[in-house]
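Engineer: Next come a sequence and a model predicted from it.
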Amino acid sequence: MSRLPRASGHFRTSYAQDFRLIQTPLERRWLAALLVALLTFPFIASPFLTDLASQALLAMVGAMALMLLTGFAGQVSLGHAGLLAAGAFTAGILFRETGAPFWMTLPAAALVGAFLGVVFGLPSLRLRGLYLAVSTLALHFLVAYVGGEYESKRGFSTGIVIDPPVIAGKAVTDPRAWYFILLTAAVLTLLVCLNLLRSRSGRAWAAIRANETVAEALGIGVAANKLLAFVISSMLTSLAGALFAYYRGFVSVEAFSLFLSIQYVAMIIIGGMGSVLGAILGAVFVTLFPYLIEAVMQLLPGAGAYAGVMFAVNYAAFGVVMILFLVLEPQGLVGIWRRVQTYFLLWPFKHKPVAGARR
Amino acid sequence: MAELEVEHLRLSFGGLTVLDGISFTVEPAELFVLIGPNGAGKTSVFNCISGIYPGKGRILFKGRDITRWSPRARAKLGIARTFQHSELFPHMNVLDNIMVGRHARIDTRPWAEALSTPGVRRAEIAHRAAIERIIEFVELEGVRYADAGSLPFGTQKIVGLARALALEPSLLLLDEPSAGLSRDERDDLARFILRIKHELKLPMIWIEHDMQMVADLADRIHVLDYGRTLASGDPQSVLSNEAVINAYLGKA
């Protein structure tokens, strides 16, 4: 993932500099500002907004995991909700049956995720594109079925209730504490993704995505690296599912419908395929979107009359936005961001110099 | 001992025989050129050597029988190749394209990569330095960070060559490296090939249609026609061979 430095007068003089995630002093300053903003946010914002931010952070973990798999390794998956459900149910069932604390249920969820990653990934060795998507879809229903069976057989037909995790002798119920837990999870996921993408595995995934035959001829283990992408993505997703279970304090199959998978796919498309930043932007956008629509509806005259059709309007608007992005901005939000960035970087000029004119 | 021995290589797709018992050997540091008309089976020979097509017969590399080996295992052993249409990864920059070619020589573990351990950093930096030497070798310094897909075709071919060199190969397969190149670019290419031969002492199999280049540079020429060997030997005798002139070169 080595790229051209995005500032004039900034020259790299060592290979170590080439490998760094933060390149310029300006980038460091912006990042520090962002960090300060993120850390102070829950103290300024209302509990409702803090909860919203927490939801977005949770979605980011799942979206980055899916981006790793689909946007970078090129493996389409519609089973994302199934993996989230697997993590949530692992945490829920372990808690219900054994009373295990969260520091045991989270690793267990990761293990289950890794195992399911292999299972979800095996079809990818033979299938591509739409066919692979359908096979992952089948597994989604399998996980949902197992979860549903557990619920009804054990008499939790409305869902499994989970107690909040206990950290340092205190139950975590405060929205602010949750915000920080989920922020940590999102930042760690981001680092894991960026680290993988700038090293050998990330390059192998990009090569496989572009051309499997060539990748194989260059000495890349295509099968092993595909499975690796599935395993890592599924582990992260499953962890996100377990965190979701604890955050909501409640696990139920209804929460993990096919629509949730579609929402995650929408996040990486709207955000911008093949970009980690895209996954983050997409997660924020898709999480906030229904609230945005609601807010707009409230502003319309006679708002009370529309309350009943809110759901329908939400779905329809979501569909329209999806189509608009696919048609008008296939690079997603990150494409817009890059254009803005380039504009300021090149100002007062309009175009980049032609890349790679030899001599 | 010969570097590569190909014995009675046969390949067919259904009823179509593509290669019909080809045999040749490549000596250390030899520039071995494969020529022949379109569809003679030149690229198929490459695909058999690099393991993409399952050919019948025997392929020995440094005395080891690699006929049943996977493409990956062969790459690890040091068989690197370029492709006719360069087949770069268009959305990756030149540096990453070449780094992909080095994949088999990097041995970091994914779990360590995820945490970016000091060991992984050291390895990345060391391999980055090695890649830079190759970039210098083929004079791609100006386009290091450019997306491979945005480069002119001739430059892409050179990046393809660099990607093959990144493996630190012990045998190099060049599939029509000069096709689509301008006169100047061909001069550069010839220079690189000679430097690879004399400085890196690599044996090469080179598929080529530019007879001037072949006559000037080749140590030995092997002519294929309809999957059979038409002639084989030093440039002088092969290029004046009656059968070769009739099948491929034509009369002036």
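Structural biologist: Done, it's in. Residues are numbered from 1 along each chain as shown, chains lettered A, B, ... in the order given.
Engineer: What's the end-to-end length of stretch B:113-124?
Structural biologist: End-to-end span of stretch B:113-124 (Cα to Cα, to the nearest Å): 10 Å.
Engineer: Show residues contacting that stretch.
Structural biologist: Here stretch B:113-124 makes contact (Cβ atoms under 8 Å, 6 or more residues apart in numbering or on different chains) with A:16, A:19, A:191-192, A:195-196, A:198-202, A:232, B:106-108, B:112. No exception for glycine: its C-beta is placed from N, CA and C like everyone else's.
Engineer: what are the ranges of the strands in chain B?
Structural biologist: Using DSSP state E, the strands found in chain B span residues B:4-13, B:16-26, B:31-35, B:56-61, B:64-65, B:79-81, B:171-175, B:204-207, B:220-225, B:228-233.
Engineer: Between the ones you listed, which one is closest to A:L49.
Structural biologist: strand B:79-81 (55.8 Å; Cβ to Cβ).
Engineer: quick revisit: now the contacts of stretch B:113-124: which count as buried?
Structural biologist: For these, a neighbour count by 16 or more other Cβ atoms under 10 Å in any protein chain shown gives the buried set as A:19, A:192, A:195-196, A:198-202, A:232, B:106, B:108, B:112.
Engineer: Just the ones of those residues in helices?
Structural biologist: Judged by DSSP state H, the subset of the buried ones among the contacts of stretch B:113-124 located in helices is A:F19, A:V192, A:N195, A:L196, A:R200, A:S201, A:G202, A:I232, B:A112.
Engineer: any chance of those in JSON lines, with pLDDT too?
Structural biologist: JSON lines is the format used below for those (pLDDT from 0 to 100):
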{"residue": "A:F19", "pLDDT": "83"}
{"residue": "A:V192", "pLDDT": "97"}
{"residue": "A:N195", "pLDDT": "96"}
{"residue": "A:L196", "pLDDT": "96"}
{"residue": "A:R200", "pLDDT": "95"}
{"residue": "A:S201", "pLDDT": "96"}
{"residue": "A:G202", "pLDDT": "96"}
{"residue": "A:I232", "pLDDT": "97"}
{"residue": "B:A112", "pLDDT": "95"}
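Engineer: For A:L78, state which of the residues you listed is nearest.
Structural biologist: Nearest to A:L78 among those, counting by Cβ to Cβ, is A:I232 at 18.4 Å.
Engineer: Apart from its chain neighbours, what residue comes closest to that closest one?
Structural biologist: Distance criterion Cβ to Cβ, 6 or more residues apart in numbering or on different chains; nearest residue to A:I232, sequence neighbours excluded, is A:L68 at 6.5 Å.
Engineer: Identify the residues contacting the one you found.
Structural biologist: Here A:L68 is in contact with A:C193, A:L196, A:L197, A:W205, A:A229, A:I232, A:S233, A:L236 (criterion: Cβ under 8 Å, 6+ apart).
Engineer: for stretch B:219-233, which positions count as buried?
Structural biologist: B:D219, B:R220, B:I221, B:H222, B:V223, B:L224, B:D225, B:G227, B:T229, B:L230, B:A231, B:S232.
Engineer: now stretch A:176-191
Structural biologist: So for stretch A:176-191, counting by 16+ other Cβ under 10 Å, buried means A:A177, A:W178, A:Y179, A:F180, A:I181, A:L182, A:L183, A:A185, A:A186, A:T189, A:L190.
Engineer: Tell me which helix or strand the first one sits in.
Structural biologist: Under the assignment given by DSSP states H and E, the secondary-structure element containing A:A177 is helix A:175-197.
Engineer: Extract the C-alpha trace of that helix and format it as PDB.
Structural biologist: Output of helix A:175-197 as PDB, limited to C-alpha atoms (Å, rounded to 0.1, in the frame of the first residue of the first chain):
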ATOM      1  CA  PRO A 175     -23.200   4.800  27.200                       C
ATOM      2  CA  ARG A 176     -19.900   6.700  27.500                       C
ATOM      3  CA  ALA A 177     -18.000   3.600  28.700                       C
ATOM      4  CA  TRP A 178     -19.500   1.700  25.800                       C
ATOM      5  CA  TYR A 179     -18.500   4.400  23.400                       C
ATOM      6  CA  PHE A 180     -14.900   4.000  24.500                       C
ATOM      7  CA  ILE A 181     -15.000   0.200  24.300                       C
ATOM      8  CA  LEU A 182     -16.300   0.300  20.800                       C
ATOM      9  CA  LEU A 183     -13.900   3.100  19.800                       C
ATOM     10  CA  THR A 184     -11.100   0.900  20.900                       C
ATOM     11  CA  ALA A 185     -12.500  -2.100  19.000                       C
ATOM     12  CA  ALA A 186     -12.800   0.100  15.800                       C
ATOM     13  CA  VAL A 187      -9.300   1.500  16.100                       C
ATOM     14  CA  LEU A 188      -7.700  -1.900  16.700                       C
ATOM     15  CA  THR A 189      -9.600  -3.300  13.700                       C
ATOM     16  CA  LEU A 190      -8.400  -0.400  11.600                       C
ATOM     17  CA  LEU A 191      -4.800  -1.100  12.600                       C
ATOM     18  CA  VAL A 192      -5.100  -4.800  12.000                       C
ATOM     19  CA  CYS A 193      -6.500  -4.100   8.500                       C
ATOM     20  CA  LEU A 194      -3.900  -1.500   7.600                       C
ATOM     21  CA  ASN A 195      -1.100  -3.600   8.800                       C
ATOM     22  CA  LEU A 196      -2.200  -6.600   6.900                       C
ATOM     23  CA  LEU A 197      -2.800  -4.600   3.700                       C
END
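Engineer: can you tell if that helix touches chain B?
Structural biologist: Yes - applying Cβ under 8 Å from any Cβ of the partner chain, one finds helix A:175-197 in contact with chain B at A:L191, A:V192, A:N195, A:L196.
Engineer: Name the residues that touch that helix?
Structural biologist: A:1, A:21, A:38, A:41-43, A:47, A:50-51, A:53-54, A:57-58, A:60-61, A:64-65, A:67-68, A:72, A:172, A:202, A:205, A:232, A:236, A:239-240, A:243, A:247, A:276, A:280, B:110, B:113-116, B:120.
Engineer: Mark which of the residues you listed are part of helices, please.
Structural biologist: A:38, A:41-43, A:47, A:50-51, A:53-54, A:57-58, A:60-61, A:64-65, A:202, A:205, A:232, A:236, A:239-240, A:243, A:247, A:276, A:280, B:110, B:113-115, B:120.
Engineer: Can you flag the buried ones in those residues?
Structural biologist: Using 16+ other Cβ under 10 Å, the buried members of the ones in helices among the contacts of helix A:175-197 are A:38, A:42, A:50-51, A:53-54, A:57-58, A:60-61, A:64-65, A:202, A:205, A:232, A:236, A:239-240, A:243, A:247, A:276, A:280, B:110, B:113-114, B:120.
Engineer: helix/strand/coil for whichever residue of chain A sits closest to chain B?
Structural biologist: Using Cβ to the nearest Cβ, the closest approach of chain A to chain B is made by A:G219 at 2.9 Å. Put simply, A:G219 is coil when judged by DSSP: H, G, I helix; E, B strand; the rest coil.
Engineer: Tell me, how many residues neighbour the residue lying closest to it once chain neighbours are set aside?
Structural biologist: Distances taken as Cβ to Cβ, 6+ apart place B:A75 nearest to A:G219, at 2.9 Å, with adjacent residues excluded. Residues contacting B:A75 under the criterion other Cβ atoms under 10 Å in any protein chain shown number 26.
Engineer: Many thanks, I have nothing further to ask.
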